[in-house]
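Enquirer: okay, sequence plus prediction incoming.
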Amino acid sequence: MSKKEPIFKDNRLNRQLEEDGFVKLPFIADTAALLKLQQCYSGYKEAHEKTQRGFHHTTHLTQDWTLVSAVNESLQTLLNPFIFDILQNVGVLGANFIVKGMGSDTTFQPHQDWTLVDEEQYFSVNMWVALEDINIENGALRFLKGSHHIIRNLRMAPNFPPLFEKVESLTEEHLTSVCLKAGEAVVFDCGVLHGSFANLSNCRRVSAIIGLYSKNAPFKFYYNTEVGTPPMVEEYNILPEEFLTFAVGDRPKGREPDKVFPYAFPQISTDDFNRYLSEYGHH
């Protein structure tokens, strides 16, 4: 029995999130609401495209804090009613658009997102909403089911040794692809291994992403100093609303960490991975 307070109103979805690490949802079935979401991006499209440097671009990566704030407010206004229709006991961290460029070099390799809460007690998830039909050709997401259970590691800015680095070649055949119709969404645990296919279409692929967390969770920000063996890690107690004000990869400015400790970043071995495959039922 999980110690975590459930975040879905439907217990079946809670069980699926706990077990698999991700859940696909219908989400926005209202055509008018979906059109408003698409029009919302159209209003910010130029600001995103003129600052796009890599193949994977988010509103936050523009570092234009006026834009970040405006997009966050616009998306929450549109999406929060749908979010709180199916979710409970959650706070909204922030909302961004994600713009994926085009080309054979746009594969987003499987990775994990940052640790923001004590994941033994609380949820930290992302909700990824399709503004258009998403398929394998234009960059569908992929997940390694149950991978958030293998080892609960700390993941942080500005970078960290990937947990799955030693078994990367073994994960490929076990990834589950999730294709979405416009208006559908996938909610996934920040610790589950996920990535996306290359966008081989002739258009940028646009989606929205909303960070969500158990509303009673103390919020944390971890920073890898990369100094020492094992490296020293800084832990900051922050307010969720502070998160969107941090430059990507930077630590909170003008404050001392609440805790500093050495952290040996774990890595999954081939034996660990094979044990996971046998326990989780992959074939």
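Expert: Okay, I see it.
Enquirer: what comes up buried for stretch 101-113?
Expert: Buried residues in stretch 101-113, defined by neighbour count with 16 or more other CB atoms under 10 Å: 101-102, 106-108, 110, 112-113. (Each C-beta comes from the backbone N, C-alpha and C, glycine too.)
Enquirer: any idea how far apart the tips of it sit?
Expert: The first and last residues of stretch 101-113 sit 20 Å apart, counting by CA to CA, to the nearest Å.
Enquirer: for that stretch, what does the pLDDT average out to?
Expert: Per-residue confidence for stretch 101-113 averages out to 95 on the pLDDT scale.
Enquirer: the bottom helix or strand of this structure by mean pLDDT?
Expert: Scoring the helices and strands of the chain by mean pLDDT, DSSP states H and E places strand 56-58 at the bottom, with a mean of 85.
Enquirer: need the next SSE after it, C-terminal direction.
Expert: Per DSSP states H and E, the first helix or strand lying C-terminal to strand 56-58 is helix 65-86.
Enquirer: from the chain's centre, how far out does the helix or strand following that following helix sit?
Expert: Remark: after helix 65-86, the chain's next helix or strand is strand 90-100, criterion DSSP H and E. Taking CA atoms, centre = their mean, to the nearest Å, the mean C-alpha location of strand 90-100 is offset from the chain mean by 9 Å.
Enquirer: ok, now stretch 48-66?
Expert: Centroid separation between stretch 48-66 and its chain, computed with CA atoms, centre = their mean, is 17 Å.
Enquirer: so where do the strands sit in the protein?
Expert: Ranges of strands within the chain are 22-25, 56-58, 90-100, 108-111, 124-130, 141-143, 176-178, 185-189, 194-196, 205-214, 220-224, 232-237, 259-262, based on DSSP state E.
Enquirer: possible to save those as TSV with distance to Tyr44?
Expert: Conversion of the strands of the chain to TSV gives the following (distance: least, CB to CB, whole Å):
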stretch	distance to Tyr44
strand 22-25	24
strand 56-58	12
strand 90-100	7
strand 108-111	22
strand 124-130	15
strand 141-143	22
strand 176-178	25
strand 185-189	20
strand 194-196	21
strand 205-214	10
strand 220-224	26
strand 232-237	30
strand 259-262	38
